[in-house]
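Colleague: What shape does this take:
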Amino acid sequence: MTYKETLDYLLSQLPMYQRIGPAAYKASLDNTLALSKYLGRPETRFRSIHIAGTNGKGSVAHMIASVLQEMGLKTGLATSPHLKDFRERMRVMGEPVPKAEVVDFVRLHKNFLEKLRPSFFEMTMAMTFDWFSRQDLDFAVIETGMGGRLDSSNIIQPEISVITNIGLDHTAFLGTTLAGIASEKAGIIKETTPVVIGRRQKEVQKVFEQKALNMGAPIYYASDLFSIENVITKGNGLKLEISNYKGEFLKYTCGLTGSYQAENILTVLAVTDLLARTGRIRPDEDAVGRGLERVAGNTGIRGRWQQIGISPAIICDTAHNTEGVFHVVSQLKEMDYSKLLIVFGMVDDKDRRSVLELLPRDASYYFCRPAVPRGLDAKELAADARQLGLEGGVYGNPKEALAAAKSDAMASDLIFVGGSTFVVAEVI
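Modeller: Below is the predicted model of the structure:
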C-alpha cells in the first residue's frame, strides 16, 4: 500500500474520536496493553515525560521538547490531534515519522490490528511507542489524548508526570465536575514519580495531593516556583519577565505569541528545573531560553495564536472549550484593529452556549461547519449565536467563510479563525 492508501485503510477500519466522537472512545486499557504485549513492550525502552491537562498540554509538550532538543538531547514528541498530516502526531527532533514507517507498521501488523480492532488512537500510540523504541532517544515527551487514567498513553513509566490545569471539557467521558475530571487526569501520577501541576486550583488541589500521597509521588506547583512579573505581547514573540523560587529575575522570549502561553511557560520552567535538580538533565539556562524562542521551528507546532495573513491581519487558534476561548477573547480585546471579523465553527459535543457567551457582540461572524462527521451544523450554530446577540452569515466550510471575511475586511481590520481544531486545520 502507498502512504495514502494506508491512511485510508486506517480511517475506514479503526474508529477515530476526532471524526466520529463517543463511538470511538474505549474506556479501557485492554487494547493498549494487548498491543504493547504483542509489540514487545516498546514503551519500556525510552525515558519519557507524560503530560495531561484540559488546556495547554500540547503547547507545554512542544516547548519541553524544544528545550530538550536545544540541550542536545535526542527527543521524541507525541501529540494529538494532527492538523494537516497524520505524521505530525509523532516526531523525533522535530521531524515527522517517515511515511515508510507508517506503511510498514500497518503492513507488518495488519492481521493483528484486524483481529484486535483497536481505536485509531490506540493504534497510533502503539505505532508511536514502537517507532520511538528504535530511535535511541534520550527522552520522549508524550501528551495524553483525553483524560489520563484510561488514556492509551498511560502505560509509560515517566521520569516526571505533568498536569497543566483542569477545566470542564469532555464531560461525557471524564465527569461533570472539576474534581471528577481532575481524578481522571491524576491517573497519570505514578508511584514515587515527581508530578508537576501547572497551577493551584482550589476545586482540585486536594484531588492531586491525595493521589500523590497515595503514590508516594513528590508534588510541585509551577505557580509556587515561578511567578510572572510582566508580559509583553506586542512585537515579535511573547516577552516575559519571571521571578523564581531562588529569588532570580529571568527574561524569556517565546515563539508562541498567545498571552495565555505565559502560564504554560511557568509549567515548562518547573519541569525543566526539576529535571535538572534531580540529575535527569544538566542545567542549561541558555538552552531553556533558546528552546522557548525556537519552539515553532524545532517542533513544527502550529495553530496556537498563529498569524496566517496581514492587511488584514488573520490570526487562528485551536482553543475549543470555555477556558481556552476565554483566554483567546481576552487577547483579542488587547489588539488594535478597526473592525473584528470572526470565522467560527465547532463540533457537536462541546458546550457551545458557554463558549458563545464569551464571544464579543460587536464582531461580524462567519459561521461554518468543520469537515468532520461530528462537525456542528453551521445553521444551528448561527441560530444559537443569534440568541446571544452574535450576528453573522452561514458558510459551507471554513475556507468559504474565511474567503468571505477577507472580502469584507479592510486592511486595518482583524480576522480571527477558531472554535475548533478542525476549523483551523482547514484554513492553515
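
Colleague: Run through this protein and note the low-pLDDT ranges.
Modeller: For the chain, applying pLDDT under 70 flags the ranges 15-26, 168-175, 235.

Colleague: Just the element for the residue most central in space within it, please.
Modeller: The geometric centre of the chain, computed from its C-alpha atoms, lies nearest to residue 58 (Cα atoms, centre = their mean), at 2.7 Å. Using DSSP states H and E, the element containing residue 58 is helix 57-70.

Colleague: who does that helix touch, helix- and strand-wise?
Modeller: Helix 57-70 makes packing contacts with strand 48-52, strand 75-78, strand 139-143, strand 160-163, helix 261-277, helix 285-293, helix 295-299 when contacts are defined by 3 or more Cβ pairs under 8 Å, 6 or more residues apart in numbering; DSSP states H and E. C-beta: built from backbone N, CA, C; applies to glycine.

Colleague: so that helix versus helix 261-277, what angle?
Modeller: On the basis of axes from the mean of the first three to the mean of the last three Cα atoms, to 10 degrees, helix 57-70 is oriented at 40 degrees to helix 261-277.

Colleague: buried set for helix 57-70?
Modeller: Judged by neighbour count using 16 or more other Cβ atoms under 10 Å, the buried positions of helix 57-70 are 57-70.

Colleague: Any chance you could list what contacts the particular helix or strand that has residue 37 in it?
Modeller: Residue 37 is part of helix 30-39, with elements assigned from DSSP H and E. Residues lying outside helix 30-39 but in contact with it, judged by Cβ atoms under 8 Å, 6 or more residues apart in numbering, are 42-43, 109, 112, 116-119, 122-123, 125-126, 129-130, 152, 154-155.

Colleague: Helices - which of the residues you listed land there?
Modeller: Assigned to helices by DSSP state H, the following of these qualify: 109, 112, 116, 122-123, 125-126, 129-130.

Colleague: buried stuff in stretch 224-243?
Modeller: Within stretch 224-243, the residues scored as buried using 16+ other Cβ under 10 Å are 225-226, 233, 238-240, 242.

Colleague: what kind of secondary structure is residue 54 in?
Modeller: Each residue gets one of three states, and residue 54 gets coil by DSSP: H, G, I helix; E, B strand; the rest coil.

Colleague: Can you tell me the closest non-neighbouring residue to it?
Modeller: The spatially closest residue to residue 54, leaving aside those adjacent along the chain, is residue 167, at 3.8 Å (Cβ to Cβ, 6 or more residues apart in numbering).

Colleague: got it, and residue 251?
Modeller: Excluding its sequence neighbours, the residue lying closest to residue 251 (Cβ to Cβ, 6+ apart) is residue 241, at 5.5 Å.

Colleague: what does residue 256 give?
Modeller: Going by Cβ to Cβ, 6+ apart, residue 256 has residue 304 as its nearest residue, at 5.2 Å.

Colleague: The one you found against residue 317, yeah?
Modeller: Yes - in terms of Cβ atoms under 8 Å, residue 304 counts as a neighbour of residue 317; the distance is 6.3 Å.

Colleague: what is in contact with these two at once?
Modeller: Joint contacts of residue 304 and residue 317 (Cβ under 8 Å, 6+ apart) are residue 258.

Colleague: gap between residue 91 and residue 137?
Modeller: As for residue 91, its distance to residue 137 is 11 Å (criterion: Cβ to Cβ, to the nearest Å).

Colleague: overlap in contacts of those two?
Modeller: Shared between the contact lists of residue 91 and residue 137 (criterion: Cβ under 8 Å, 6+ apart) are residues residue 76.

Colleague: what's across from the closest residue to residue 362 other than its chain neighbours in the sheet?
Modeller: Across the structure, with Cβ to Cβ, 6+ apart as the measure, the residue nearest residue 362 apart from its sequence neighbours is residue 340 (7.1 Å). When assigned by DSSP bridges, residue 340 has beta-bridge partners residue 414.

Colleague: Contacts only, for residue 340.
Modeller: Shown in contact with residue 340 (Cβ under 8 Å, 6+ apart): 332, 360, 362-364, 413-414, 416.

Colleague: got a winner among those for most neighbours?
Modeller: Within these, residue 416 tops the neighbour count with 26 neighbours, counted by other Cβ atoms under 10 Å.

Colleague: for that one, helix, strand, or coil?
Modeller: Three-state call for residue 416 (three-state DSSP): strand.

Colleague: Could you give the number of residues near the closest residue in space to it that isn't next to it in sequence?
Modeller: Nearest non-adjacent residue to residue 416, counting by Cβ to Cβ, 6+ apart: residue 342, 5.0 Å away. If you count neighbours by other Cβ under 10 Å, residue 342 ends up with 23.

Colleague: Residue 147 now?
Modeller: Residue 147 has 22 neighbours, counted by other Cβ under 10 Å.

Colleague: isn't residue 105 right next to residue 134, touching?
Modeller: No - the pair residue 105 and residue 134 does not pass the contact test of Cβ under 8 Å, sitting 11.1 Å apart.
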